[in-house]
Structure formats: C-alpha cells, structure tokens
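K.L.:
Quick one: sequence and predicted model below, then my questions.
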Amino acid sequence: MLFRKEPLGALEAETATTASLDIGYARGGVEANLTLFGSNMDDATRLGVIAPDRVRLVNMTGQTRIRGTEALLRYRWDSFVVTGSYVYVDATEPDPAGSGRRAVPLTPRHTAGMVAMWEDHEKGRVGLELYYTGKQELEDNPYRLTGKPYFELGLLAEAAVGKARVFVNLGNLLAVRQTSYDRLVR
C-alpha cells in the first residue's frame, strides 16, 4: 500500500480533548483496576483515494469520538500470578461517504486477555497467554465488511543461566491468520 501513497501534503495536526476516571483496589494478593475514558479528536487523518492507484493522507472533517472502559484483575499467590483484562471501546468517526457516522475500522469493541505466570527471580519464569479480539469493521476488504473474532494463545519462558537469561516466546499457537478467512491477493 505504501508504494501508492503520495507525499505528505498540507495536513492539520490532530488534536484531542480527553478525560479518564481510574478506580483501583488492592488487598492481600488481589488487585483490581477500572478505567473509564473518553476522547474527542479533531482533524484525524485517514487515507484518501485521489486516483485508482494513488492515496494520500488527508484530514477528516468532523470529530472522531472514542468512549470506553478497561477492567484489570490480578491475583498473586506465592510465585504464581494470574492477570485478566477486558477492554470495551466505542469509537466512531464521520462516514467519508457522508452518511452520518461509522465505527472506526480495525478497532474491535471487545478485547480481553488472561496471563498466568510462575516466576522465581533466581530461576526464571514460565507463562501462558490467551487473548481475545472481537469482531471489527474492516476497510478496503472486497470479501467482507466485518472481521471475525479470534483467540491467540502464547507460551513464554525465561531461564537464568549464570548471569545470562535465555528467553523463549511461542506466539500464535492457534495459527490464527487472515488466509484462513480470505485470500490476500485479489
């Protein structure tokens, strides 16, 4: 896509007005956090098609609005830590076609994660990660308008070997890939 991009033209800087409210709790091995957030963004940039084979970054007319919440819960027990998180995002922008507002493409409303970790600072650590990404609006996809939700699974390990540390990080163990749903070449 970058080979089609025109040089930067006259762009206005994006500006945003934001607010957030954070509430936290900790007692014993339990930690919890809840964040509510919102942002209004003016002059957001997007790719604008200027010819069938050329695109340019342009400022959007109107305001991009982002509202959401994030929840985090962590439990510690001796050398074990389990952390769970959930994020809800409602992000909308003016529809470039001029028909009101639309969801911001490639921004899932729901995401969640869980990490379970055993850790000993002298020996190392071993962890398991599981992440969920919910459906999201797609852009410039001729096969579908909405992406399918998916899970990602990972395993990580670190071992202390003298003064050195050896890391292994195995990601995407469920082999999630776009080609499972759509072709990449049109």
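P.N.:
Thanks, I have the structure now.
K.L.:
can you tell me how far Leu138 sits from Phe151?
P.N.:
From Leu138 across to Phe151, the span is 19 Å (CB to CB, to the nearest Å). (Glycine included, C-beta is placed from N, CA and C.)
K.L.:
Tell me where the model's unsure across the chain.
P.N.:
For the chain, applying pLDDT under 70 flags the ranges 1-3, 185-186.
K.L.:
Check the secondary structure at Thr179 for me.
P.N.:
helix (DSSP: H, G, I helix; E, B strand; the rest coil).
K.L.:
quick one, phi psi at the residue in the chain sticking out farthest from the centre?
P.N.:
In the chain, the greatest distance from the average C-alpha position (CA atoms, centre = their mean) is reached by Gly162, at 36.6 Å. In terms of degrees, to the nearest 10, the main-chain angles of Gly162 are phi 70, psi -130.
K.L.:
Please state the offset of stretch 23-43 from the chain centre?
P.N.:
16 Å (CA atoms, centre = their mean, to the nearest Å).
K.L.:
hang on, I meant stretch 102-114
P.N.:
Counting by CA atoms, centre = their mean, stretch 102-114 comes out at 7 Å from the chain centroid.
K.L.:
now swap in stretch 150-161 and tell me
P.N.:
Centroid separation for stretch 150-161 versus its chain: 19 Å, with CA atoms, centre = their mean.
K.L.:
list the buried ones in that stretch?
P.N.:
150, 152, 154, 156 (16 or more other CB atoms under 10 Å).
K.L.:
got a list of contacts for it?
P.N.:
122-133, 165-174, 176 (CB atoms under 8 Å, 6 or more residues apart in numbering).
K.L.:
Buried among those? Need that as a selection in ChimeraX.
P.N.:
Command for ChimeraX, covering only those of the contacts of stretch 150-161 found buried under the criterion 16+ other CB under 10 Å:
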select :124,125,126,127,129,130,131,133
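K.L.:
Now the one helix or strand Ala116 maps to: buried residues?
P.N.:
Taking DSSP states H and E as the definition, Ala116 sits inside strand 110-120. In terms of neighbour count (16+ other CB under 10 Å), strand 110-120 has its buried residues at 111-113, 115, 117.
K.L.:
any idea how far Arg4 lies from Arg56?
P.N.:
Arg4 sits at a distance of 9 Å from Arg56 (criterion: CB to CB).
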